[in-house]
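Engineer: Sequence and predicted structure are below.
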Amino acid sequence: MAQVIDPVCGMTVDTETARHQSEHGGTTYYFCAPGCKRAFDADPTAYTGQREAGGNGAEASDRAGHSGTHS
């Protein structure tokens, strides 16, 4: 069992049971919910640090519409 951090909201995700994942730049990213995956897929560089500095994780979570709860 490997634990990773959802790059959109910062929640811990188990890679073995994660239902949502995407590939970008040769790396697999795992997500806690479909909304986080959609936000990442729309603009991966906003969450991978491949863009100039200027934003932070809290802003990224707000853009994703993350509510902090998942069903």
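Structural biologist: Received it, and whenever you're ready, just let me know what you need. Numbering: from 1, shown residues only.
Engineer: so residue 28 is in which element?
Structural biologist: Assessed by DSSP states H and E, residue 28 sits inside strand 27-31.
Engineer: Then residue 21?
Structural biologist: Going by DSSP H and E, residue 21 is in strand 20-24.
Engineer: name the helices or strands packed onto that strand?
Structural biologist: Strand 20-24 sits against strand 27-31, helix 34-42, with contacts defined as 3 or more C-beta pairs under 8 Å, 6 or more residues apart in numbering; DSSP states H and E. (Glycine included, C-beta is placed from N, CA and C.)
Engineer: Show me what that strand is in contact with.
Structural biologist: Residues from elsewhere that reach strand 20-24, judged by C-beta atoms under 8 Å, 6 or more residues apart in numbering: 28-34, 36-37, 40-41, 44, 48.
Engineer: just the angle between the strand holding residue 28 and helix 34-42, please?
Structural biologist: 150 degrees (axes from the mean of the first three to the mean of the last three C-alpha atoms, to 10 degrees).
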